[in-house]
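Colleague: below is the sequence, then the predicted model.
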Amino acid sequence: MPLFNLLMTVKAPTPSNVIAPFVRLLANTIVKDGGVVRTVENLGVRRLPMRRKAKFADREGNRYFDDGRMINMRFDTNPNTLRELQRIVMLQEDVISNTVTREKDWSEYANVKKLKQNRFYDWEKHKLEPEP
């Protein structure tokens, strides 16, 4: 299964008792379909590079946000589950934006068929002796 990275920007005033069940729902969706959640990181509240417009207004009626809480998830899953995750994230009213990227896994580098492209091959240890 490919390795994916999901970076979500959540409204800054959203309480943690709303964010935690949402992230747990995402993780359970991944695991239910045979995937693996590698990391979930709360990167904290940060100033956004530009003002963002949310799909839904918050409880005070604000629709434009200058600050956002960044949440990063790394996980292995199949593309069908990824579509389901994106659907769940799009329906969440506290999410301002999200980005999903596919990352190269280190195991993909180690399993290179051409020996010269394998960065994990120890050339000093496996030097070929010249034939006599």
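Modeller: Ah, there it is. Numbering: from 1, shown residues only.
Colleague: state the mean pLDDT of the top helix by length along the chain.
Modeller: When the chain is parsed with DSSP state H, its longest helix is helix 16-32. Rounded to a whole number, the mean pLDDT of helix 16-32 is 94.
Colleague: please, where are all the strands along this protein?
Modeller: Along the chain, counting by DSSP state E, strands occupy 3-11, 36-53, 64-76, 95-103.
Colleague: got the buried residues for the first one?
Modeller: Of the residues in strand 3-11, those scored as buried under the neighbour-count criterion (16 or more other CB atoms under 10 Å) are 3-4, 6-11. The C-beta positions use only the backbone N, C-alpha and C, and glycine is treated the same way.
Colleague: and stretch 83-90, by the same measure?
Modeller: Result for stretch 83-90 [16+ other CB under 10 Å]: buried residues 84-85, 89.
Colleague: for residue 26, state which of the residues you listed is nearest.
Modeller: Nearest to residue 26, judged by CB to CB, of these is residue 85 at 6.0 Å.
Colleague: check what pLDDT that closest one gets.
Modeller: pLDDT at residue 85 comes out at 94.
Colleague: which ones are touching it?
Modeller: Listed by CB atoms under 8 Å, 6 or more residues apart in numbering, the contact set of residue 85 reads 6, 26, 29-30, 77, 100.
Colleague: same deal with residue 66?
Modeller: With CB under 8 Å, 6+ apart, residue 66 has these contacts: 47-48, 51.
Colleague: of all the contacts of residue 85, which two lie farthest apart?
Modeller: Spanning the widest gap among the contacts of residue 85 are 29 and 100, at 13.7 Å by CB to CB.
Colleague: those two - which one has more neighbours?
Modeller: residue 29 (19 against 14; other CB atoms under 10 Å).
Colleague: is it possible to export the buried residues of stretch 83-90 to JSON lines including distance to residue 42?
Modeller: Shown next, in JSON lines, are the buried residues of stretch 83-90 (distance: CB to CB, whole Å):
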{"residue": "84", "distance to residue 42": "23"}
{"residue": "85", "distance to residue 42": "18"}
{"residue": "89", "distance to residue 42": "16"}
